[in-house]
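> Got a sequence here, can you build the structure:
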Amino acid sequence: MEQEENFQRYNVFKINIEYYFIFIIVLVLSILGIVMVSSASIAVGEKYFNDAFYFIRRQAVWWVISIGALLLFSRVNYRFYSKISLIFLLVCIALLAVVLIPGVAPVIGGARRWFNLFFFNIQPSEIAKLGLVIFICDSLNRRYINRMSFKNIFWPSFIILLVVTLLIFLEPDFGTVVVIWITVFILFFVGNVRFPHIISLGGIGLVVLVAYMFMEEYRRQRIFAFFSSSSHSESINFQINQSLIALGSGHLLGSGLGNSIQKYSYLPEAHTDFIFAIIGEELGIAGTIGVVVLFIAFAFFAVRICQKTKDYYGRVIAGGLAGMIISQAIINIAVVTGLLPVTGLTLPFISYGGSSLLTCMIASGIILNISRQNFTIVKRSDGEIDQE
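Modelled structure (predicted):
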């Protein structure tokens, strides 16, 4: 007992092993993204903009900005976000509402999802994912964890979730909505929300998602075609079929970087939603397995950070943001490999898209900061140092 009283604890702003691994994984994935976008976008850049390097230059600029954001947010104390969570979320909701106004945002592929700001396109739904996670974490920390009643999680967390996802539904962007709902339920799990409450909210969410899936004809066709082998379904599943051709033609080591055939107008969205297929074609099974292993490692070290974080608020934010990135990666890879119907989601850190890359980098930066802030040294009475 006397020896225990001699222990001295120091909360120091140092770096633990999880910080290094998360940082290296994010850096490797994002650099791979630059390389693969450079390869996959040449044909489409030449075709639509008469400039083979059109997408490469834009992604390179976004990468520099995103690396800066990663380093910045790794330094900002994550507890600060509790003070601005409501304001940040209201800004996100306003942007989601404005993007739906006819004439304000361009219609691309039948959807209004982007603000066209000179050199860049900004996607508010990507920013809203961050805002929603931060707000719900703050709400759980302030209201629910001290009194675990259903109303404390239903309002305002679940009501706000419905409002945000309804606005994203209207764009329409079903894939992002699915990621948001999965992320929130991961967050509820990490945040020790009572199981009956999770089931109740999950039932409401499932009804909403299923209803939305069948509201539009093209979504119904995608779902029916996914489970059908008719000649009609072949045309609807054209993108998935071309993706499987790309993956299959890569064999073990691939055709070589830059040697993809499918990127030449055979596989739509080769540099965005289906870039994983181009990785499989050019880098083979070895390349695709490498990417999957990196995402698994990211998830593993993020879970380690959650386990080591004693602060409830930090733990749920780390779990929510890591869940957001990993769930999107799983869905994207499942779509590209034909395990799920097409949803239109990017592969985190790798696909072309500045908003997606920036959001993932900011989320990773916040996770890194949580890791730094919760690094503890215990100095024992015998002079030895323990780390937690």
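> for this structure, which helix is longest?
Of all segments of type helix in the chain, defined using DSSP state H, the longest is helix 275-308.
> starting at the chain centroid, how far to the helix or strand following it?
Once the chain leaves helix 275-308, the next helix or strand it forms, by DSSP states H and E, is helix 312-336. Here helix 312-336 is found 6 Å from its chain centre; the criterion is Cα atoms, centre = their mean, to the nearest Å.
> now the helix or strand just after helix 312-336 and helix 312-336, what's the angle there?
Using DSSP H and E, the helix or strand that follows helix 312-336 in sequence is helix 354-373. Here helix 354-373 points in a direction 140 degrees away from that of helix 312-336 (axes from the mean of the first three to the mean of the last three Cα atoms, to 10 degrees).
> For burial, what's the neighbour tally of the closest residue to residue 47 other than its chain neighbours?
The shortest distance from residue 47 to any non-neighbouring residue, by Cβ to Cβ, 6 or more residues apart in numbering, is to residue 265 (7.0 Å). C-betas here are computed from N, CA, C, even on glycine. Residue 265 has 10 neighbours, counted by other Cβ atoms under 10 Å.
> how about residue 265, phi and psi?
Here is the backbone geometry of residue 265 (degrees, to the nearest 10): phi 70, psi 0.
> Strands of this structure, start to end?
Ranges of strands within the chain are 8-11, 115-117, 120-122, 376-379, 385-387, based on DSSP state E.
> Buried residues, the second one. List them.
It stands for strand 115-117. residue 115 (16 or more other Cβ atoms under 10 Å).
> quick one: strands adjacent to it?
Sheet pairing of strand 115-117 (DSSP bridges) gives strand 120-122 (antiparallel).
> among the strands of the chain, which gets the worst mean confidence?
In terms of mean pLDDT, the lowest-scoring of the strands of the chain is strand 8-11 (a mean of 41).
> And the residue nearest the centre of this protein?
Geometric centre of the chain, nearest residue: residue 325, 3.1 Å, by Cα atoms, centre = their mean.
> contacting residues around that one?
Shown in contact with residue 325 (Cβ atoms under 8 Å, 6 or more residues apart in numbering): 298, 348, 360, 363-364.
> Low-confidence ranges, the stretch 51-200 of the chain, go.
118-119 (pLDDT under 70).
> tell me the helices in it, going along the chain?
Counting by DSSP state H, counting those that start in this stretch, the stretch 51-200 of the chain has these helices, from start to end: 54-73, 81-98, 124-139, 150-153, 159-169, 174-190, 195-213.
> Closest one to residue 72 out of the contacts of residue 325, please.
Of all these, residue 364 has the smallest distance to residue 72: 11.7 Å, by Cβ to Cβ.
> Can you read off the pLDDT for the closest one?
Predicted confidence (pLDDT) for residue 364: 98.
> how about the nearest residue to it, chain neighbours excluded?
Using Cβ to Cβ, 6+ apart, the closest residue to residue 364 is residue 26 (4.8 Å).
> now swap in residue 154 and tell me
residue 201 (7.4 Å).
> Neighbours of that neighbour, how many?
21.
> Okay, residue 192 and residue 155: tell me how far apart.
Per Cβ to Cβ, to the nearest Å, residue 192 is found 19 Å from residue 155.
> again, but for residue 141
Taking Cβ to Cβ, one finds residue 141 at 16 Å from residue 155.
> And residue 39, by the same measure?
Taken as Cβ to Cβ, the span from residue 39 to residue 155 is 49 Å.
> What residues does residue 247 make contact with?
277, 280-281, 288, 336-337.
> Now neighbour count and pLDDT too, for the residues you listed, in CSV please.
Formatted as CSV, the contacts of residue 247 follow (neighbours: other Cβ atoms under 10 Å; pLDDT from 0 to 100):
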residue, neighbour count, pLDDT
277, 32, 97
280, 30, 97
281, 30, 97
288, 21, 97
336, 28, 95
337, 16, 95
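> which among the residues you listed gets closest to residue 90?
residue 336 (35.5 Å).
> and the gap between the nearest residue to the closest one once chain neighbours are set aside and residue 201?
Leaving out its chain neighbours, the residue that sits closest to residue 336 by Cβ to Cβ, 6+ apart is residue 276, at 4.4 Å. Distance of residue 276 to residue 201, given as Cβ to Cβ: 32 Å.
> you'd agree residue 130 is up against residue 358?
No: counting by Cβ atoms under 8 Å, residue 130 does not reach residue 358; the two are 9.7 Å apart.
> Any idea how many residues pack against residue 349?
The number of residues near residue 349, taken as other Cβ under 10 Å, comes to 28.
> Alright, that wraps it up for me.
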